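Undergrad: predicted model and sequence follow; I will ask about them next.
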Amino acid sequence: MSMFDNPFDPDRHLRAGCACGQHQSAVEHEQAALRCEPVESEEKRYEGVVASAVMRAMFPQDVARRAFLKSVGASTALAALSQFFPIKAATEVFAQTGAPEKKDLKVGFIPITCATPIIMAAPLGFYAKHGLNVEVVKTAGWAVIRDKTINKEYDAAHMLAPMPIAISLGLGANAIPFAVPAIENINGQGIVLATKHKDKRDPKDWKGMKFAIPFDYSMHNYLLRYYLAEHGIDPDTDVQLRSVPPPEMVANLRADNIDGFLAPDNICQRAIYDGVGFMHLLSKEIWDGHPCCSFAASKEFITTAPNSFAALTRAIVDATAYASKAENRKQIAEAIAPANYINAPVTVLEQVLTGTYADGLGGVKTDAKRVDFDPFPWQSFAVWMLTQMKRWGQIKGDVDYKAVAEQVYLATDTKKLMTEMGLTPPATAYKSFAVMGKNFDPAKPEDYVASFKIRKAS
Amino acid sequence: MTSSLRLRAGIVSIALLAAFLGIWHLATRSTAPVATMSPEYAKLMGLTATQGKSAMPGPLDVGAKLWEHLKRPFYDNGPNDKGLGIQLGYSIARVGMGYLLAVLVAIPLGFLIGMSPLLSKALDPFIQVLKPISPLAWMPLALYTIKDSSISAIFVIFICSIWPMLLNTVFGVASVRKEWINVARTLEVGTLRRAFTVILPAAAPTILTGMRISIGIAWLVIVAAEMLVGGTGIGYFVWNEWNNLSITNVIIAILLIGVVGMLLDQILARFTRMVTFPE
């Protein structure tokens, strides 16, 4: 049964037929695994979690519980249960967490829609709700956000999903252990080409073109390389890939310095809005459900201020859950558009978040999942990123995929937090998925790397 | 004669400005052909795409926006959005700090080096190598070692503005006329007194010229440094507006950077005039 179901409903099964045991059926489990389901009120949610735990403890046999409920009725059962078990008090204890060691926190972000949960949590009050006073600080680029977080000017920050792995491994920086408690967004990127290439839709014709990516250690880099390589283009020799800060991409595309880019959104839509490019492909068409950006903090912050960190993670998970709902997206677009946050026209953000967008070729397209939000830090995501780092020569020599993934992507802690919040985290931290139709098995990363024909010779 | 020259120069200046604004206005009028598109598609697109509006704003757009900024220069909408007055204040404060530190180091040091021909020859190669390094090259190093972005910005201003002052002080001190020093020696003036009453006044115009060059460099550097570290300041403002591809605001910022830079230069020019002496 799902965490949010009424434990006093006699027709409900408390133990049911899915892999994790939390859902009625395998189908429901799948759905829940892909999405977190926010509930009307936090208190209600906690109460439900506590009550269902108590009921489960009292009636290990589902049949007995159902017979009991049928005979006395749900409200009587609740009253009777409350007689000898203080559900209200237990709920309070359960919901109460340690007071944050540090209330005034600084969180850095890059002004792109990937940072939506981090940004919106400030104007929409998610940080305040979890007892924190957070200042979200706009930052000029990925290298700066990395340095400022390492220097402890920021307590936590918005980073590209592979960055905390790279920092922890000491790639492009000193090795400092970092951790990812939550993924910011899934999907929400795109390949945009200059309008003059509107007849060159086949990547095989792209030899000699110049593309921009936001950072070397980014999903954008790996996805673009993957996409090109699948079409027989060697990204290291056949095309030029340049690391360009997102705001400069549109200007460069207009100036004809680059032919296209795989960039985070609102930048893609901005290029279309300004009439300089068109959407060739949404990143979700390469890999539906791919992670993009992450919420990261140093291990040092986590150990010195565990309660602040937990509250921060809760606020982010909460905001992410809110953002995952389609009906909230318009409100979010308006909240994050002002100059204090993303600083972009509301129309552009709305097109990105609602998924009804102009494609730059005169058509209006709709894809509600163009960008989506799911906080769970799948460790298999980390393993995939490591395989690509290996594939493109960023990692030399052997790497213990699983150990690194588990050290950086805090699936266990997040799972605990999500359960405490009454959300439904997936049962495992590994899942296999397909990238452009090719299956990835997180248990066999070495074989996966070896299976690619186009890669950097090591 | 001089007043009529000044008048004529003024007229030429105004004519040049008017010509510039006129050409700017004509060049940015929308001339691009408008593509036909469905209204629902057009609603999702920007003015550049729908009305063929030039991506470059005209002087009227810039003027209107500038007026908007000047009306409320000190608003504060949170950590990432503050009025232009506040941003300029942050930048001037940073420049002031870095520059003051540079003055405190460069002038005494320059004095010592200038009074010793040996040191001045020995240190010259180092100064020549360090002088032309761009602020952007110092920035990563500063961020990495100092581990604080606001102090890094001040350090970068310090390290970039110190060299002209140091070199000019050394030069000014070293080229004080020998007769004056000899006269002081004959009158048995002590070293310290000689430095303050003979050398300092004699070298002051050269030192001030160095300081004037330095303030210009410090102001050049701050914009680059703030674009990189972000947070506050006029450089951050430029970056933030560039992020939104708002060329109008970038032009306004350029204008203000120029005006403030000119004011700083004028202040030091006045000081220079105060210490200049006829020989």
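TA: Everything's here; your move.

Undergrad: hey, what's the residue nearest to A:Ser283 when sequence neighbours are not counted bridged with?
TA: Leaving aside its sequence neighbours, A:Ser283 sits nearest to A:Gln189 (C-beta to C-beta, 6 or more residues apart in numbering or on different chains; 3.7 Å). The C-beta positions use only the backbone N, C-alpha and C, and glycine is treated the same way. Counting by DSSP bridges, A:Gln189 forms beta bridges with A:Pro264.

Undergrad: now for A:Gln189: which residues touch it?
TA: A:Gln189 makes contact with A:219-220, A:223, A:262-265, A:268, A:282-283, A:292, according to C-beta atoms under 8 Å, 6 or more residues apart in numbering or on different chains.

Undergrad: flag the least confident of those residues.
TA: Least confident of the contacts of A:Gln189 in the model: A:Asp265, at 87.

Undergrad: I'd guessed that residue sits against A:Thr354; true?
TA: No - checked against C-beta atoms under 8 Å, the pair A:Asp265 and A:Thr354 is beyond contact range at 12.0 Å.

Undergrad: interface residues of the stretch 351-458 of chain A facing chain B?
TA: Proximity of the stretch 351-458 of chain A to chain B (C-beta under 8 Å from any C-beta of the partner chain) is limited to residues A:351, A:356-358, A:362-364.

Undergrad: which among the residues you listed count as buried?
TA: Using 16 or more other C-beta atoms under 10 Å in any protein chain shown as the burial test, these include A:351, A:356-358 as buried.

Undergrad: among the residues you listed, which ones are in helices?
TA: Applying DSSP state H to these, the entries found in helices are A:Gln351.

Undergrad: for the buried ones among the residues of the stretch 351-458 of chain A next to chain B, give me TSV that also has distance to B:Trp24.
TA: Below are those laid out as TSV (distance: C-beta to C-beta, whole Å):
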residue	distance to B:Trp24
A:Gln351	32
A:Thr356	38
A:Tyr357	34
A:Ala358	31
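
Undergrad: identify the farthest-apart pair in the buried ones among the residues of the stretch 351-458 of chain A next to chain B.
TA: Farthest-apart pair in these is A:Thr356 and A:Ala358; separation 8.9 Å (C-beta to C-beta).

Undergrad: for the two, list the residues in contact with both.
TA: Common contacts of A:Thr356 and A:Ala358 (C-beta under 8 Å, 6+ apart): A:364-365, B:44.

Undergrad: looking at those, which is nearest B:Thr209?
TA: Comparing these against B:Thr209 with C-beta to C-beta places B:Leu44 closest, at 57.3 Å.

Undergrad: and the closest residue to the closest one other than its chain neighbours, what's its pLDDT?
TA: Nearest non-adjacent residue to B:Leu44, counting by C-beta to C-beta, 6+ apart: A:Ala358, 3.9 Å away. Looking at A:Ala358, its pLDDT stands at 90.

Undergrad: A:Ala358 reaches A:Ile272, doesn't it?
TA: Yes - applying C-beta under 8 Å as the test, A:Ala358 and A:Ile272 come out as touching, 5.7 Å apart.

Undergrad: common neighbours of these two, please.
TA: Shared contacts of A:Ala358 and A:Ile272, defined by C-beta under 8 Å, 6+ apart, are found at B:Met45.

Undergrad: which ones are touching the residue positioned nearest the centre of chain B?
TA: Nearest residue to the geometric centre of chain B (C-alpha atoms, centre = their mean): B:Trp219, 2.1 Å. Under the criterion of C-beta under 8 Å, 6+ apart, the neighbours of B:Trp219 are B:95, B:257, B:260-261, B:264.

Undergrad: quick one: the residue nearest to A:Pro377 when sequence neighbours are not counted from A:Ala319, how far?
TA: Spatial nearest neighbour of A:Pro377, chain neighbours left out: A:Tyr409 (4.2 Å); criterion: C-beta to C-beta, 6+ apart. Using C-beta to C-beta, to the nearest Å, one gets 19 Å for the distance from A:Tyr409 to A:Ala319.

Undergrad: before we move on, what about A:Thr116?
TA: Where A:Ala319 is concerned, A:Thr116 sits at a distance of 8 Å (C-beta to C-beta).

Undergrad: these two: which is more packed in?
TA: A:Thr116 (33 against 29; other C-beta atoms under 10 Å in any protein chain shown).

Undergrad: which strand or helix spans residue 124?
TA: Picking chain A for this. Assessed by DSSP states H and E, A:Leu124 sits outside every helix and strand.

Undergrad: wait, chain B
TA: helix B:117-130.

Undergrad: now do B:Glu40
TA: Per DSSP H and E: B:Glu40 is located in helix B:39-43.

Undergrad: same deal with B:Ile157?
TA: Per DSSP H and E: B:Ile157 is located in helix B:149-174.

Undergrad: for the closest residue to chain B within chain A, helix, strand, or coil?
TA: Residue nearest to chain B within chain A (C-beta to the nearest C-beta): A:Gly275, separated by 3.1 Å. Put simply, A:Gly275 is coil when judged by DSSP: H, G, I helix; E, B strand; the rest coil.

Undergrad: so where's the stretch 51-200 of chain A uncertain?
TA: Where the stretch 51-200 of chain A drops to pLDDT under 70, the residues are A:51-66, A:68-69, A:71-75, A:77-97, A:173.

Undergrad: for it, which segments are assigned as helices?
TA: A:62-72, A:74-84, A:87-95, A:116-120, A:126-129, A:142-150, A:163-169 (DSSP state H, counting those that start in this stretch).

Undergrad: please list the residues of chain A that sit near chain B.
TA: So chain A meets chain B at A:111, A:135-140, A:143-144, A:147-148, A:150-153, A:247, A:250-251, A:254, A:270, A:272-275, A:338-341, A:343-345, A:347, A:351, A:356-358, A:362-364 (C-beta under 8 Å from any C-beta).

Undergrad: how about the nearest residue to A:Ile442, chain neighbours excluded?
TA: Residue A:442: Pro, not Ile. Of all residues not flanking A:Pro442 in the chain, A:Ser380 sits nearest, at 3.8 Å (C-beta to C-beta, 6+ apart).

Undergrad: burial measure for that neighbour, as a count.
TA: That count, for A:Ser380 with other C-beta under 10 Å as the rule, works out to 23.

Undergrad: give me the angle between the helix or strand where B:Leu100 lies and helix B:117-130.
TA: Taking DSSP H and E as the definition, B:Leu100 sits inside helix B:84-115. With axes from the mean of the first three to the mean of the last three C-alpha atoms, to 10 degrees applied, the angle from helix B:84-115 to helix B:117-130 works out at 140 degrees.

Undergrad: for helix B:84-115, which residues meet the burial criterion?
TA: Residues B:84, B:86-92, B:94-95, B:97-99, B:101-103, B:106-107, B:109-111, B:113-115 are the ones in helix B:84-115 that count as buried (16+ other C-beta under 10 Å).
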